[in-house]
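Trainee: Turn this into a structure:
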Amino acid sequence: MTAISILLNGDDITVDAPPHESLASVLRRLGMFSVKYGSATGETGAAAVLFDGRLASADVILAAQADGHEVTTVEALNTANGLHPIQEAFVATGALQSGYSAGAMILGTMALLEHDPDPSESAIRDMLSGILDRETGYVKPVAAVRRAAALIRGEHVERYAPVVLEPMTDGVNATVVDPDDEGPHADPALPRLIPSVDVPDLAVVGHAEAKVDGLKLAKGNPAFTDDIEMRGLLYAKVLYSPHAHARILDIDDRAAVALPGVHAVLHHRNTPRVKYASGGQSWPNPHPYDQVSFDHKVRHVGDRVAAVAAESIEIAEEAVRLIEVTYEVLPAVFDELEAIRPGAPVIHDEADTHDIHDREHNTVHHFEAERGDVNAAIEAAPHVFERTFRVHQVQQVPIEPHITIAWLDADERMVVRTATQVPFHTRRMLAPLIGMEVKNIRVIKPRIGGGFGAKQEMLIEDIAAHLAIATRRPVRLELTREEEFWASRTRHPQTITFRSAVDDDGNLLAQHMRLVGNTGAYGTHGYTVQAVSGLRGLSSYNCPNKRFDCDVAYTNIPVPGAYRGYGAPQALFALEAHMDDVARGIGRDPLEFKRQNWVTVGDELDIAPHIGERATDDTVELDEYPKVSSSGIEECVAQGQRSIGWHRRLDPAWRRPSDRPYIRRGLGFAFCMHGSGIPFLDMGGCSIKLNDDGSFNMLVGATDLGTGADTVLGQIAAEVLGVALDDIIVYSSDTDMTPFDTGAYASSTTYISGTAVMHAAEAVRKRIKERAAEMLGVDEPCTIELHDKRAWAPDGTSVSMEELALHTLHWEDQEQIMGTASYMSPDCPPPFAAQFVEIEVDVQTGQVEVIKMTMAVDCGVAINPITASGQVEGGMTQALGYAHCEEFAYDADGRMLNDRLGPYKIYRADEMPETEVFLVQTLEDSGPFGAKAVAEIPKDGVAPAIRNAIVNATGVAIDELPFTPERVRAALDRA
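Mentor: Prediction:
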């Protein structure tokens, strides 16, 4: 140990640290929870501090190097009441989604503004370039820095709110866009809101309210899984397989067990063999149950072999190295098409896994659905087109890795504090694995530093819980950045073939979608993701004859699971590219051809009930099929066309600039349709109670991943109850305390959980009106109105919510006014969107540069336009990486070659194209205050829009992602 002296946030601090300890680790030991772990090598910037006034990553600075230096963290701004102007700006602009890297951004802003009080956008983006953000698209952080600069300069700043635009259409019919109409000139961080006359102006809903968790995130207060200190905490590490496919012949753990400081070593020989499926989905989990906590066979590089709990991370890592494993290496297969061919190595040959469709051919699932007669329609059609597309494996890259802390409480119940999207599913799946009943397990979800589907899995909770039971001590397990890539979850690779028939007038006659999905070593979400691909691929366009034919293959790649969009980005890349090709094949404008065929209000989604977890046999004709009940797609298209300058796509002078002869320009479009939850399956619950001061406690099982769910649900309750948002205290996602919710996935939170909130609030509202009528001497409670935190009688007299609360709780006929509700929907109203991109292609190198992305989204009524537009911006950024640069690279033995950020490329702030977001308002009668979903649809259109823009620019169609320079140049050469 070495004594280190630091001037920390203005105070002289002396602390002992070993020579190898990082500054980040020491700062967290000192309670500086704003300093976050993102990677040990500092690429994420989440652990950034000011080191002698300059922004630097505390992950890559040794504590010893800080001796005698000045270190500043966000906690330095938290000495006074309220927020520092920089923190205030980040809250006001919606720059905080999960807020995991907020401390780093705020400190970077502070350093920048100290030497440049009015920085340019390029200077701001340069500062932010070292802080990776997977959520906001960097648009709102840039706006936050600008706003902070103005506040510090003493300038007046306007309330942060959307730019309200006049509609360009009647909401139903297409319009011709004037090429000279440039649209609004406004801050790109402000969403462009196009209101509907069908939607009334409300007090809280539809307004840009600040996030309810903004203060804690902006101040770096302890809020995340790791932001607690526990006495006796042990640290866990996992031994992972170095082989893609192998049988474990022997494990010798004697040296590891004997290492001082080691408290437990677990593996298949001392852990119960209980079969399960890890996908965080509703009961019963889709089969097969093909996993155990530790197995005697490994099926991908990074598969778990053993786990250790020790007094320190370093001891645990050494213990893992001391475990000797003897493997019988087996042949491996990585490609989904090769895996299902005769002669491929059988990946799941164990006798105790049931419900595999065809284990000898690695086919975990096979399913199909058909409407009409596809073969007959194709045979009779005048035009038939067929194309095969390949989509690849990418990782969600939440900046907060997976982390779980498990312990036995005073009653010896298991408590699991974990970064999960599905706390209730995790509790249910964990129970049999650790031999406890559900009632004896409590799962707590704190703030999450991004999930995007990677945390829709019971992934590491069983390991931490097993170790906590074995040691009788709290155990902490956190994945490293490298482990996130090959031991977490990814997006499913797929091979998709579309075969479509059209008549001479351009009407779709038939579509056959053949899909082979790659679920890697385990089934997890293999069935449901591929089912969603089929649903999205065959529901977007009207077609009387359609068929979905799907095989899901086991392979030896790291396991795909849930990833934002959940099968739709793969399907819509293929579909929207294919539809562009068909249009050109029959001499039609692609957008007009799609418009002719896409679904509109009143159209049936007739294949939807026949695909999915609770599908109806396609030989059974239902009395009623789901229909499109609201759509703003024509307004979305018009706004997007104006924004992107759609008329330029046919201008040869623009497409081939004379001063840059090696550049080709292009514009691309994709039509997007998603869903709002899973009908007849997703359910959310809510309870609300009135407090002494007229405020309300609201408990919801819904999980806020940084999406603003707590805020949006609070706004719905506040609107119903006639109070301000800050009178709703939201507590979410604790399986002991909050009502059940299926979790944060399938774009269900606003639509499903929001409706549960609305119903619970209405129950409370009804009782408040009854008590207010008694207090005010009104005979008819229905005539009482609630607004401005008061209950109003028709004659203008009123009683405050506080007076009413005190009366009911303490004075007369005492009662606790409260309401509970749950909601499951039979409907799944689709949001719609128009995605446009502008690109430049360097035909010498194959480099594609995306210049601008525009997305216009119909999400019904955006409960909070700022958080909704942030979802769109962040989703497009992830979709851009999927289309353009993110890709798993393997060697011949299945080892990932680029399991670090950098070699695995995600977009930085200084690399982003211009981004513009439009929110087209429609009224969805089945949703709370007219809302539909918004979180996933931004993932769907970027890849096909870029592909179609490349065709517009070069005439070359590329059918495999991502569009790397090598792939584009090779396609150009072939052409």
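Trainee: Which of the residues in stretch 160-174 are classified as buried?
Mentor: Judged by neighbour count (16 or more other C-beta atoms under 10 Å), stretch 160-174 contains these buried residues: 160, 162, 165, 167, 168, 169, 171, 174. Any C-beta I mention is one placed from the backbone N, CA and C, and that applies to glycine too.
Trainee: what's the nearest residue to residue 388 if we skip its chain neighbours?
Mentor: Leaving aside its sequence neighbours, residue 388 sits nearest to residue 497 (C-beta to C-beta, 6 or more residues apart in numbering; 4.5 Å).
Trainee: mind checking the SS state of that neighbour?
Mentor: strand (DSSP: H, G, I helix; E, B strand; the rest coil).
Trainee: and what of residue 876?
Mentor: At residue 876, secondary structure determined by three-state DSSP is helix.
Trainee: and it, what is it in contact with?
Mentor: By C-beta atoms under 8 Å, 6 or more residues apart in numbering, residue 876 lies in contact with 137, 835, 853, 855, 915, 938, 942.
Trainee: cool, residue 438 as well?
Mentor: Residue 438 touches 427, 428, 431, counting by C-beta under 8 Å, 6+ apart.
Trainee: Low-confidence ranges, the stretch 351-500 of the chain, go.
Mentor: In the predicted model of the stretch 351-500 of the chain, no residue satisfies pLDDT under 70.
Trainee: First-to-last residue distance for stretch 66-80?
Mentor: 27 Å (C-alpha to C-alpha, to the nearest Å).
Trainee: before we move on, what about stretch 36-44?
Mentor: By C-alpha to C-alpha, the extent of stretch 36-44 from end to end equals 10 Å.
Trainee: And the contacts of it?
Mentor: 22, 24, 45-47, 57, 59-60, 100-101, 103-104, 131-132, 224, 226, 399-401, 449, 478, 480-481, 900-902.
Trainee: what about the residue nearest in space to the middle of the chain, helix or strand, and which?
Mentor: By C-alpha atoms, centre = their mean, the chain has its centre lying nearest to residue 452, at 2.6 Å. For residue 452, there is no enclosing helix or strand under DSSP states H and E.
Trainee: which residues does the closest residue to it other than its chain neighbours contact?
Mentor: Nearest non-adjacent residue to residue 452, counting by C-beta to C-beta, 6+ apart: residue 396, 3.9 Å away. Counting by C-beta under 8 Å, 6+ apart, residue 396 makes contact with 134, 450, 451, 452, 453, 454, 488, 489, 490, 491, 563, 564.
Trainee: circling back to that earlier point, just put the buried residues of stretch 160-174 in JSON lines and tack on distance to residue 389, pLDDT and secondary structure.
Mentor: Output for those, formatted as JSON lines (distance: C-beta to C-beta, whole Å; pLDDT from 0 to 100; DSSP: H, G, I helix; E, B strand; the rest coil):
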{"residue": "160", "distance to residue 389": "41", "pLDDT": "92", "secondary structure": "coil"}
{"residue": "162", "distance to residue 389": "36", "pLDDT": "95", "secondary structure": "coil"}
{"residue": "165", "distance to residue 389": "36", "pLDDT": "96", "secondary structure": "coil"}
{"residue": "167", "distance to residue 389": "35", "pLDDT": "97", "secondary structure": "coil"}
{"residue": "168", "distance to residue 389": "33", "pLDDT": "96", "secondary structure": "coil"}
{"residue": "169", "distance to residue 389": "32", "pLDDT": "96", "secondary structure": "coil"}
{"residue": "171", "distance to residue 389": "33", "pLDDT": "92", "secondary structure": "coil"}
{"residue": "174", "distance to residue 389": "28", "pLDDT": "94", "secondary structure": "coil"}
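Trainee: and of those residues, the nearest to residue 386?
Mentor: Set against residue 386, the nearest of these by C-beta to C-beta is residue 174 (29.4 Å).
Trainee: ok so, going back, for residue 557, see how far away the residue nearest to the centre of the chain is.
Mentor: 19 Å (C-beta to C-beta, to the nearest Å).
Trainee: Same check on residue 232?
Mentor: Computed as C-beta to C-beta, the residue 232 to residue 557 distance reads 39 Å.
Trainee: tell me which residues of the biggest helix by length in the chain are tucked away?
Mentor: When the chain is parsed with DSSP state H, its longest helix is helix 754-776. The neighbour-count check on helix 754-776 (16+ other C-beta under 10 Å) flags 754-761, 763-765, 767-769, 771-773, 775-776 as buried.
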